[in-house]
Every structure is written in C-alpha cells, then in structure tokens.
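1. Sequence plus the predicted model coming up.
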Amino acid sequence: MRLSGFLRLVVILFTLLATWYFTHTYHKRTGKVISLRSFLGSASKTISEKQSRNKCDNSKKCPEDFFTFKITSGAANVVGPSICFEDKLIMSGVKNNIGRGLNIALVDGKTGILKTHKTFDMFSGDINLLMEFLKEIPESALVLVASFDDPATKLNPEARKLLSDLGSAYAAELGFRDSWVFLGAKDIKEKSPFEEYLKNIPEQNKYEGWPEALKIEGCVPRKMI
C-alpha cells in the first residue's frame, strides 16, 4: 500500500472515532440528542417571539376580558386622527372615513363589535346631528372620540353635557382647535380614566395655530359601566 493511501485511511478512521466519541460523550452528559430540524425550529420560535406584537401596536398586552384600544387625534389640519379597537383600524386617513371636527366610533361593550362610526363637523355646524347621535347611544356601547382641526366651535351647553355624561372631564371646556382624545360610556358612574386634552394656546402650540396631537392607548374592561 502506498504511503498516501495509508495516510488517507488513518485520517478517515480518526474522523470516525472522534465523531463517535463526541456524540457518545454529549449524549451521556445531557441525555439529549439535538437534530438540525429541532435546532432550526427552536431558532424560528425565538425569532417569532421577538417579532410578536400587541394589538393596535400598543406597548402592553391586555389581559383577558379586556379590550385593546388606541386613539390618536389629528395633527393640525394635515394629518388625520385614527381609532383602533381590538387590532382593527376603525377610522383613519388611510380608510378615508375621517373628517374635521369630532370623529366618533361606537363599539359594543360586551362583544367588542363595531356598531357605527361618524364624523361631525363642529365648525360648519353639525351640532343638531351630533346631539341626536349622542342621545341615541345605547347603554352597552363604548364611545371612542378623536378630534381633528376644530372640535368645538359649534358645541353648545347641551352637547357638552351629553359628552360629559359619557365620562368626559374636559367636554365642558373644549375650545377652538383644541386637541382631544377620549373613551367613555353611556351613564358612566365616574369620570373616564381614558382621556387626554390639550388647549390651543398660540405661544405654546407645537404647530402653527394648533397644539400637538394626542394619543391614548390601553385596556378597557368588557363592562365599563
């Protein structure tokens, strides 16, 4: 046998023995056998967990028996508001179903099913339509509101009281071009914890003529009232 052939045989035998020894020793110490398929599966699971997201892209996951929501007001008169509920975008500029004034969505407080959504222009005068709408809100409904441009010019005392009865702490003082986001319910016993308000103050506004946009997100129990 030539020397080169002998050396080749030695290398092959050494490789086989080393592989057997490593496999035997690792299995004996751990009691586990890792296959390529299981390794790749574990890696995929880890990547999937890192890429997991919460409903409405919120920062926290809501517990069971709670609904997830996010409400964002409009930015000046340029970027429209958005309302997301249970990971469903109800109103937004992308859906082309928003407008200047008050953008309102009604959701069933027990099932989370969307009832309706409407926009009321508080500059040109949809006040009678707004009051009729607010008076007909059913007891079980959750009310989600986002302002855009001007939410309050035509608001009268009766309309403000109807909004206050939904749990708003700021409806009574809402003014021209103020930013406002709110989630409430019909005949809520206390003021809603889901509300943000920013007054239009020219020297403090983020945008020329308008305060900055507001956003609230969180978890609301299935029975808020």
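-> Received it, and whenever you're ready, just let me know what you need.
2. Every contact and neighbour count from this point should use C-alpha atoms.
-> Noted.
3. Over to the residue nearest the centre of the chain. Which of the three states is it?
-> Nearest to the geometric centre of the chain sits residue 56, at 2.7 Å (Cα atoms, centre = their mean). For residue 56, the secondary-structure state derived from DSSP: H, G, I helix; E, B strand; the rest coil is helix.
4. Look up the closest residue to it, ignoring the ones flanking it.
-> residue 87 (4.5 Å; Cα to Cα, 6 or more residues apart in numbering).
5. cool, and residue 131?
-> residue 159 (5.7 Å).
6. Can you tell me the SS state at that neighbour?
-> helix.
7. Show me what counts as buried in stretch 95-115.
-> Residues of stretch 95-115 classed as buried: 98-110, 112, 114 (neighbour count, 16 or more other Cα atoms under 10 Å).
8. Pick out whichever of the residues you listed sits closest to residue 121.
-> residue 101 (4.4 Å; Cα to Cα).
9. For that closest one, name its beta-bridge partners.
-> Taking DSSP bridges as the rule, residue 101 bridges to residue 148.
10. OK, contacts around it?
-> 119, 120, 121, 122, 123, 147, 148, 149, 150, 151, 152 (Cα atoms under 8 Å, 6 or more residues apart in numbering).
11. So the third one sits against residue 99, correct?
-> Yes. Between residue 121 and residue 99 a contact is recorded at 7.2 Å, counting by Cα atoms under 8 Å.
12. gap between residue 154 and residue 220?
-> 30 Å (Cα to Cα, to the nearest Å).
13. swap in residue 179?
-> Where residue 220 is concerned, residue 179 sits at a distance of 22 Å (Cα to Cα).
14. So which of these two has more stuff around it?
-> residue 179 (30 against 20; other Cα atoms under 10 Å).
15. ok, and the closest non-adjacent residue to the more buried one?
-> residue 198 (5.1 Å).
16. Pull up the distance across stretch 108-123, start to finish.
-> 29 Å.
17. How about stretch 75-90?
-> Stretch 75-90: ends 18 Å apart by Cα to Cα.
18. can you list the weak-confidence ranges in this protein?
-> 1-51, 224-225 (pLDDT under 70).
19. what residues go with each domain of it?
-> 3-51, 55-221 (automatic domain parsing).
20. can you give me the end-to-end distance of the longest one?
-> Counting by Cα to Cα, the length from the leading to the trailing residue of domain 55-221 is 15 Å.
21. Enumerate every residue touching the residue nearest to the centre of the chain.
-> Residue 56 touches 68, 69, 70, 84, 85, 86, 87, 88, 89, counting by Cα under 8 Å, 6+ apart.
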